[in-house]
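> no sequence on this one, just coordinates:
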C-alpha cells in the first residue's frame, strides 16, 4: 500500500531558488552585454583608435572630483604646474613627448586643439600641454581663439582687455598683446599667452582674415610651438576656419560622449578642408577599465613611483 509522504513533492523551493538564481545571473549578464553593444561611444584608447582612424597621442585619466561633471575641478587647467607628480600631470607630459617625437622637427609648429562638442576638455588640454612644453625648455605660445566662450584667461588668472581680437583689428601688435604666464617657477618663464581679447560681433570673419594668417606666421617665427584653443567643430565655423591656417589639428575626445558616426563626421569634415589631423587625445579615462597593467602601473604605481623618486632626489 502507498505510504503518506512526509513532505510535499511540489513546489521544491530549494531547486526553484537555485534555478532562479542562475537564470537571473544569466539574464543580467546577457542584458549587460546587450546594452554594452548598443553603446557605441568611445571608452578606451583602443576604441578611439579604431573608431576615429587617426593616431592616438595619449590619454588623460579622470581626476578626483572630475567624474560626472562638465566643469573640471578648480585648478585643473594648471595641474601640470601646480601638482606635477600626479598621474594626470604625467599624462600631459606623455602627450607632449608624443608630439615632440611623432612630428618631424621644423615641419609642424602651429597646432589647433579642438573637439567635436563642448565640455570635452580641449581648453584644459591646451593649457596643460602649453605648461608641459614650457617645462621641457621650449618656448610655447598659447592663443585663445574661442571668441564665443573664452576661458584661457580664467585658467591663468589674467585679464583679456588686450588680446587676439585687438591684434586682428589693428589696435595692438602681437608683441604688446602677448603676456607672460603668472608662474613663479623659473622653468615656466618661457610660456606666453595671447588671450581672446575684447568681445567681437564677427568672430568667424576675424579668424579667417589675412590678419589671422599673418599673426600665425609671425608667431611661428618667434616661438617653438603655437597652440590655438578653438571652439568645438560642430557648433561654430571658427574652428574650421582656423584649422585651415595651421600646420595640424589635435582632436580632444571625452570618454562616453562621441560614437563612431560622430567621430567619422568630424574627421571627414576636417579632411574635406585639407586639414592635417595630427592625432587625438582621449580625455577623462577611467583607467581601471583599461586592465590591470594600466591600473597598477600608470594610474597608481607610476604616480607613486614618481613622487618617491622626486622626494628622494630633491629631498622635498
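Received the coordinates, thanks. Bear in mind the structure is a predicted one, so any value in this text is a computation, not a measurement.
> hey, where'd the strands end up in the stretch 201-316 of the chain?
Counting by DSSP state E, counting those that start in this stretch, one finds strands in the stretch 201-316 of the chain at the ranges 225-229, 248-254, 277-285.
> just how off-centre is the longest one within its chain?
Counting by CA atoms, centre = their mean, to the nearest Å, strand 277-285 is centred 6 Å from the centre of its parent chain.
> list of residues touching that strand?
The set of residues external to strand 277-285 that reach it, using CB atoms under 8 Å, 6 or more residues apart in numbering, is 42, 44-45, 48, 52, 54-62, 66-67, 95, 98-99, 102-103, 108, 111, 120-121, 124-125, 248-256, 267, 270-271. The way it works is simple: take the backbone N, C-alpha and C, and place the C-beta from them, glycine included.
> mind putting the strands of the stretch 201-316 of the chain into JSON lines with mean neighbour count, distance to residue 214 and mean pLDDT?
Compiled in JSON lines, those are given as follows (neighbours: other CB atoms under 10 Å; distance: least, CB to CB, whole Å; pLDDT from 0 to 100):
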{"stretch": "strand 225-229", "mean neighbour count": "26", "distance to residue 214": "13", "mean pLDDT": "96"}
{"stretch": "strand 248-254", "mean neighbour count": "24", "distance to residue 214": "19", "mean pLDDT": "94"}
{"stretch": "strand 277-285", "mean neighbour count": "24", "distance to residue 214": "23", "mean pLDDT": "92"}
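> redo those strands as a markdown table? Include distance to residue 219.
What follows is the strands of the stretch 201-316 of the chain, written out as a markdown table (distance: least, CB to CB, whole Å):
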| stretch | distance to residue 219 |
| --- | --- |
| strand 225-229 | 5 |
| strand 248-254 | 15 |
| strand 277-285 | 18 |
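> for these, which one sits closest to residue 17?
strand 277-285 (40.8 Å; CB to CB).
> sheet partners, orientation included, of that closest one?
The pairing partners recorded for strand 277-285 under DSSP bridges are strand 56-61 (parallel), strand 248-254 (parallel).
> look at residue 86 and say how many residues are nearby.
Number of residues near residue 86 (other CB atoms under 10 Å) recorded here: 18.
> stretch 1-15: end-to-end distance?
29 Å (CA to CA, to the nearest Å).
> with stretch 184-199 instead?
Taking CA to CA, the first and last residues of stretch 184-199 lie 30 Å apart.
> quick one: distance of it to the chain centre.
Counting by CA atoms, centre = their mean, stretch 184-199 comes out at 20 Å from the chain centroid.
> repeat that for stretch 258-278.
On CA atoms, centre = their mean, the centre of stretch 258-278 falls 16 Å from that of its chain.
> same thing with stretch 56-64?
7 Å.
> next, the buried residues of that stretch.
By neighbour count on 16 or more other CB atoms under 10 Å, the buried set for stretch 56-64 is 56, 57, 58, 59, 60, 61, 62, 63.
> just give the closest residue to residue 57, not the sequence neighbours.
Leaving out its chain neighbours, the residue that sits closest to residue 57 by CB to CB, 6 or more residues apart in numbering is residue 279, at 3.9 Å.
> these two touch, right, residue 115 and residue 250?
No: contact criterion CB atoms under 8 Å: residue 115 and residue 250 do not qualify, at 9.8 Å.
> before we move on, the earlier item: okay, the strands paired with strand 277-285 in CSV with distance to residue 23 next?
Supplementary listing: the strands paired with strand 277-285 in CSV, determined by distance: least, CB to CB, whole Å:
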stretch, distance to residue 23
strand 56-61, 38
strand 248-254, 38
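> residue 223: which of those strands is closest?
Closest of these to residue 223 is strand 248-254, at 15.6 Å (criterion: CB to CB).
> which outside residues touch that closest one?
The contact list for strand 248-254, computed with CB under 8 Å, 6+ apart, reads 42, 48, 52, 54, 57, 99, 103, 108, 110-116, 119-122, 125, 243, 263, 266, 270, 275-284.
> residue 48 reaches residue 42, doesn't it?
Yes: counting by CB under 8 Å, residue 42 is a contact partner of residue 48 at 4.8 Å.
> now for those two: what residues contact both?
253, 263, 282.
> which non-adjacent residue is nearest the second one?
Going back to what we said before, that points to residue 263. Excluding the flanking residues, the one nearest residue 263 by CB to CB, 6+ apart is residue 52, at 4.5 Å.
> on that earlier part again, looking at the strands paired with strand 277-285, which is closest to residue 167?
Evaluated with CB to CB, the strands paired with strand 277-285 place strand 248-254 nearest to residue 167, the distance being 22.0 Å.
> quick check: angle from that closest one to strand 225-229?
50 degrees (axes from the mean of the first three to the mean of the last three CA atoms, to 10 degrees).
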